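Peer 1: I would like to see how this sequence folds:
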Amino acid sequence: MGDGSQHIFRWDLDKTYLETQFDQLGDLLRSAFEGAEAKRSVPGASAILRELRRGEGRRVCFISGSPKQMRRVLTKKLAIDGVEFDEFILKPNLRNLLRGRFRALRDQVGYKLPALLRGRLGIDATTRETCFGDDAEADAFVYSLYADLLAKKVDQALLAEILARSGCYRDTVKRTLALAQQVERVPAVQRIFIRLERSSTERFERYRPRLVPIYNYFQAALVLLEDALLDSAAVVRIALEMAEQSGFSVADFVSALEDLLARGCLTRETARDFALHLDSEGIPLGGLPTGSQIVQAFGARVRALRTPEPTPGPRPAIDYLSALAADLDRS
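Peer 2: Got it, this is the predicted structure:
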């Protein structure tokens, strides 16, 4: 899986890993007081995290907007799911509340961006990153801004204006600008995944092709296969867990793959190679007849696909001020 170099996987938690509802006050209270056993993970999320963590030099880092007081229950939930992590950052909401920093309670840019930059300090320049988020907040904006900051596509003046327009407090602006100057500026972010729950793929068109909106984690697994961060056996294990634990069918998997191909997020070559690998003896199916049938049927359907390969065109630079106005109004 890959070339053995260092890789960091940065994950949001609510709606990215956990099926959390927080549209109503009652949802927030229920989420805050329910135990680890009651929390539900998104289908395939724990499976893909376990697979990503298998390789040498792999780090899993969670950055969540959940309050620090939930650390115990959240880490217990991850342990129940068999997910190991290297870093776990939660939002200091109580401290913000006591200090009267009410804007910070909802602010995502001023919280997540400096956390990402701080996590990059001292990291070897060759270390690449993959980020996972959702469409409920500003994950697409923050991750893309972080990526372009590292890639020297956003300068200090533009960053300062973005932070000011997003409503960050002055000390947050100062701290974030300082962190941006301290990190080594290299194009480190290889891929961004945004799990869709309430948005269409068109909302994130400005962030492509680095950012891939996904409807499920089988789609993410296929793109990670193309990125050489997972192998075919890992994708099969993820698919089987989604089928056996969450009821995903052959039709669901084929539809997910066809959608990626139609949007130009996956090449036909990767899909074809994956289908061929499904017939090989090198992929362990765990002796599960139901799983074997799913895999075999899926392989046959993939080989029969005739989806045309889109021709990608040049992508303009992201207009972050326009993106800020569009995405933060939604979040």
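
Peer 1: quick one: the helices in the stretch 101-250 of the chain?
Peer 2: 103-106, 109-120, 139-150, 156-165, 170-182, 217-226, 232-246, 250-262 (DSSP state H, counting those that start in this stretch).

Peer 1: endpoints of stretch 17-36, how far apart?
Peer 2: One end of stretch 17-36 to the other measures 13 Å (Cα to Cα, to the nearest Å).

Peer 1: reformat the helices of the stretch 101-250 of the chain as a markdown table; add mean pLDDT and distance to residue 17.
Peer 2: In short, each C-beta sits where N, CA and C put it, glycine included. Formatted as a markdown table, the helices of the stretch 101-250 of the chain follow (pLDDT from 0 to 100; distance: least, Cβ to Cβ, whole Å):
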| stretch | mean pLDDT | distance to residue 17 |
| --- | --- | --- |
| helix 103-106 | 57 | 20 |
| helix 109-120 | 93 | 15 |
| helix 139-150 | 97 | 12 |
| helix 156-165 | 95 | 27 |
| helix 170-182 | 94 | 25 |
| helix 217-226 | 97 | 10 |
| helix 232-246 | 89 | 14 |
| helix 250-262 | 88 | 19 |
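
Peer 1: TSV for these, including mean neighbour count and distance to residue 194?
Peer 2: TSV is the format used below for the helices of the stretch 101-250 of the chain (neighbours: other Cβ atoms under 10 Å; distance: least, Cβ to Cβ, whole Å):
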stretch	mean neighbour count	distance to residue 194
helix 103-106	15	19
helix 109-120	23	14
helix 139-150	26	5
helix 156-165	16	19
helix 170-182	16	22
helix 217-226	24	10
helix 232-246	21	18
helix 250-262	18	14
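
Peer 1: closest one to residue 18 among the ones you listed?
Peer 2: Nearest to residue 18, of all the helices of the stretch 101-250 of the chain, is helix 217-226, at 13.1 Å by Cβ to Cβ.

Peer 1: so what does that closest one touch, helix or strand wise?
Peer 2: helix 45-52, strand 189-195, strand 211-214, helix 232-246, helix 250-262, helix 268-278 (3 or more Cβ pairs under 8 Å, 6 or more residues apart in numbering; DSSP states H and E).

Peer 1: turn the ones you listed into TSV, columns for distance to residue 124.
Peer 2: Formatted as TSV, the helices and strands packed on helix 217-226 follow (distance: least, Cβ to Cβ, whole Å):
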stretch	distance to residue 124
helix 45-52	19
strand 189-195	15
strand 211-214	24
helix 232-246	25
helix 250-262	31
helix 268-278	28
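
Peer 1: nearest to residue 320, out of those?
Peer 2: Within the helices and strands packed on helix 217-226, the stretch nearest residue 320 is strand 211-214; the backing value is 13.5 Å (Cβ to Cβ).

Peer 1: what lines up beside the closest one in the sheet?
Peer 2: If you go by DSSP bridges, strand 211-214 pairs up with strand 189-195 (parallel).

Peer 1: quick one: the partner strand to chain centroid distance?
Peer 2: Computed by Cα atoms, centre = their mean, to the nearest Å, the separation of strand 189-195 from the middle of its chain amounts to 5 Å.

Peer 1: next: stretch 233-249.
Peer 2: With Cα atoms, centre = their mean, you get 19 Å for stretch 233-249.

Peer 1: same deal with stretch 122-141?
Peer 2: 7 Å.

Peer 1: can you list the buried residues in it?
Peer 2: For stretch 122-141, burial by neighbour count (16 or more other Cβ atoms under 10 Å) applies to 123, 127-141.

Peer 1: so residue 88 sits right up against residue 75, yeah?
Peer 2: Yes. The pair formed by residue 88 and residue 75 meets the contact definition of Cβ atoms under 8 Å, at 6.5 Å.

Peer 1: centroid residue for this structure?
Peer 2: residue 132 (1.0 Å; Cα atoms, centre = their mean).
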